[in-house]
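Visitor: whatever this is, show me its structure:
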Amino acid sequence: MPGYIEDRWMTKKPDPTTGAKRRTARYGQGKRYRVAGIPGVKDRSFAKLEGPEGAKAWLAKAQHQSTAGEFIDPRRGQILLRDYIENEWWPRRDYENPSSEATVRTRIWTHVIPHLGDHTLSGVRTPQLAEWLVTLKATCGPSNANAVWGHLSSILQAAIDDERITRNPCRSQTTLKVPTKASPAARAWSKKQVLAVREAMDERYRLLVDLGVGAGLRAGEAFGLSLADVDFDNGRLLIRRQVKKVASQPIFALPKGDKTREVPVPDYLLERIRASLERRPAVPIELPWRDPRPPTTERQAQERAPQTHALIVTGARGGAIRTNTFYEHMWKPALAGAGVIPPPTISKRPDARRPGKQVARAVYVESRQNGFHALRHTFTSVHLDAGENVVSVSKWLGHADPSITLRIYAHMMPEADGRGRAAMQSWFEKP
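Guide: Residues are numbered from 1 along each chain as shown. Coordinates of the predicted model:
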């Protein structure tokens with residue numbers, strides 16, 4: 001097989017007089033043994049302490065893997081994980097959805113690079129992952145930690161495809177407890193809770209509660225509902241966009257999953273919309289469509305062209321509502337006012353605008369189960385409890401498939417076991 005070992009310190013041919021090998025000009029300098037001559041394999045040197053045995057073992061392994069087309073030079077895995085991500089892996093990512101791109105980047109630059117970035121690719125092994133997981137689980141919720149673990153696994157898998165490492169320790173993991181997605185059962189609110197939260201909310205935003213519980217809208221969809229989306233004659237809402245934040249900038253985008261839909265709504269909700277519009281007319285708002293980044297092609301310019309829609313509910317200054325502002329300044333205070341969560345604690349911090357002064361900030365407890373989605377769960381619960389067809393409910397919610405609705409809300413379907421027992425009893429009693 002091709003390949004050989006060269007001793008750089010001694011000549012190949014012995015001294016013609018003494019018969020002994022002679023020292024070369026490189027004697028005592030650098031690594032002594034060099035493995036070379038294997039097609040497609042870069043030469044590798046071995047120090048004296050490793051001896052010819054180390055060179056022979058590597059030569060045999062490289063010859064075998066080269067013949068099988070599986071050779072990966074271990075030196076290619078010596079690149080730092082940080083450098084591989086920043087210079088090779090990330091520049092090749094191509095996200096159509098800028099929101100997804102921003103989310104992935106934030107996770108990796110926050111939770112992966114600061115803790116594992118100074119390890120080499122080949123140096124990321126089970127001990128390093130075990131140490132990192134302790135920090136990850138302490139700083140992330142289960143779902144976010146699961147997503148970060150998945151991102152690291154994708155990075156290491158790409159390194160295998162790039163022939164830098166031979167094994168992905170995330171995928172072959174058997175000893176570590178890998179984070180799993182949290183999947184708490186959806187919980188509906190009682191009518192009393194809904195009315196209490198609505199009453200505790202600023203009058204300007206109470207219609208948002210009505211849209212959530214009366215039509216199953218997500219928060220961003222309620223923010224993006226325009227006057228043209230309300231079909232008063234046929235009693236329905238057209239859910240055609242949402243307001244979301246990308247790179248700190250609000251934009252219009254299609255609803256989650258890029259699925260538009262129609263939702264039949266009761267008369268009370270239409271009356272609430274009319275009353276809100278009488279107090280405060282819809283405001284035309286212009287925002288970029290889907291992607292706020294400057295376009296680089298004519299096609300991108302067309303796809304990202306700003307759109308204008310007359311939004312029914314807007315912020316106090318007349319602009320589109322931002323999700324983080326809504327939750328911190330409207331939603332959580334209303335939850336506390338209704339007794340759903342405890343009152344806030346007051347935190348003081350230096351005021352950047354007034355040196356030597358402090359500014360007070362209300363800090364509320366995190367309560368994911370009491371987010372705006374609780375209204376959507378309540379909408380679903382009411383319909384399922386009334387015996388509405390799950391296929392129709394799934395369509396109104398904008399789910400890709402009724403199986404998703406069943407997986408999330410099956411526990412809300414009333415007395416399913418009781419109806420089943422009654423049906424079987426009837427079947428046995430019939431002659």
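Visitor: quick one, helices of the stretch 151-300 of the chain?
Guide: Applying DSSP state H, counting those that start in this stretch to the stretch 151-300 of the chain gives helices spanning 191-200, 206-215, 219-223, 267-279, 298-303.
Visitor: looking at those, which is closest to residue 244?
Guide: Ranking these by proximity to residue 244 (C-beta to C-beta) places helix 219-223 first, at 5.1 Å. Just so you know, the C-beta spots here come from the backbone N, C-alpha and C atoms, and that holds for glycine as well.
Visitor: any residues touching that closest one, and which ones?
Guide: 208, 211-212, 239, 241-244, 255, 311, 313, 320-321, 323, 326, 371-373 (C-beta atoms under 8 Å, 6 or more residues apart in numbering).
Visitor: repeat the analysis, applying 6 Å as the threshold.
Guide: Helix 219-223 is contacted from outside by 208, 211, 239, 242, 243, 244, 255, 321, 372, using C-beta atoms under 6 Å, 6 or more residues apart in numbering.
Visitor: equivalent analysis for stretch 260-278, please.
Guide: 207, 210, 214-215, 230, 232, 236-240, 396, 398.
Visitor: rewinding a little: least confident of the helices of the stretch 151-300 of the chain, on average?
Guide: Among the helices of the stretch 151-300 of the chain, helix 298-303 has the lowest mean pLDDT, at a mean of 90.
Visitor: just how off-centre is that one within its chain?
Guide: 26 Å (C-alpha atoms, centre = their mean, to the nearest Å).
Visitor: check stretch 28-36 too.
Guide: 48 Å.
Visitor: run through who's touching that stretch.
Guide: 5-6, 8-9, 43-48, 52, 55, 58-59.
Visitor: which one in those is the model shakiest on?
Guide: Lowest in pLDDT among those is residue 48, which has 65.
Visitor: may I see the buried residues of stretch 290-303?
Guide: Within stretch 290-303, the residues that count as buried by 16 or more other C-beta atoms under 10 Å are 290, 291, 292.
Visitor: all strands for the protein, in order.
Guide: Secondary structure of the chain (DSSP state E): strands at 4-7, 10-14, 21-23, 33-36, 44-46, 230-231, 236-239, 242-246, 249-253, 261-264, 283-287, 307-311, 345-350, 358-363.
Visitor: out of those strands, nearest to residue 124?
Guide: Across the strands of the chain, closest to residue 124 is strand 44-46 (C-beta to C-beta), at 22.1 Å.
Visitor: name the nearest residue to residue 120, sequence neighbours excluded.
Guide: Excluding the flanking residues, the one nearest residue 120 by C-beta to C-beta, 6 or more residues apart in numbering is residue 78, at 5.1 Å.
Visitor: how many other residues sit next to the one you found?
Guide: 12 (other C-beta atoms under 10 Å).
Visitor: got it, and residue 337?
Guide: Quick note: residue 337 (other C-beta under 10 Å) scores 15 neighbours.
Visitor: try residue 347
Guide: Neighbours of residue 347 (other C-beta under 10 Å): 11.
Visitor: next one: it, what pLDDT does it get?
Guide: 82.
Visitor: so it bridges to which residues?
Guide: residue 361 (DSSP bridges).
Visitor: look up how far residue 199 lies from it.
Guide: 27 Å (C-beta to C-beta, to the nearest Å).
Visitor: ok, now residue 120?
Guide: Remark: distance between residue 120 and residue 199 (C-beta to C-beta) = 59 Å.
Visitor: hmm, back to that, export the contacts of stretch 28-36 to TSV and append columns for distance to residue 266 and neighbour count.
Guide: Compiled in TSV, the contacts of stretch 28-36 are given as follows (distance: C-beta to C-beta, whole Å; neighbours: other C-beta atoms under 10 Å):
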residue	distance to residue 266	neighbour count
5	84	15
6	86	16
8	87	15
9	91	18
43	78	11
44	75	18
45	79	15
46	80	21
47	81	12
48	86	12
52	86	14
55	81	23
58	76	19
59	79	23
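Visitor: now those as CSV including distance to residue 100?
Guide: Shown next, in CSV, are the contacts of stretch 28-36 (distance: C-beta to C-beta, whole Å):
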residue, distance to residue 100
5, 51
6, 52
8, 53
9, 56
43, 43
44, 41
45, 45
46, 46
47, 48
48, 53
52, 53
55, 48
58, 43
59, 47
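Visitor: what's the closest of those residues to residue 90?
Guide: Nearest to residue 90 among the contacts of stretch 28-36, with distances taken as C-beta to C-beta, is residue 44, at 29.8 Å.
Visitor: the closest one and residue 238, how far apart?
Guide: In terms of C-beta to C-beta, residue 44 sits 66 Å off from residue 238.
Visitor: cool, residue 167 as well?
Guide: From residue 167 to residue 238 the distance is 51 Å (C-beta to C-beta).
Visitor: excluding chain neighbours, what is closest to residue 345?
Guide: Nearest non-adjacent residue to residue 345, counting by C-beta to C-beta, 6+ apart: residue 363, 5.1 Å away.
Visitor: and that neighbour, how many neighbours?
Guide: Neighbours around residue 363, by other C-beta under 10 Å: 10.
Visitor: so what pLDDT did residue 337 get?
Guide: 94.
Visitor: that one against residue 200, yeah?
Guide: Yes: judged on C-beta atoms under 6 Å, residue 337 makes contact with residue 200 at a distance of 3.3 Å.
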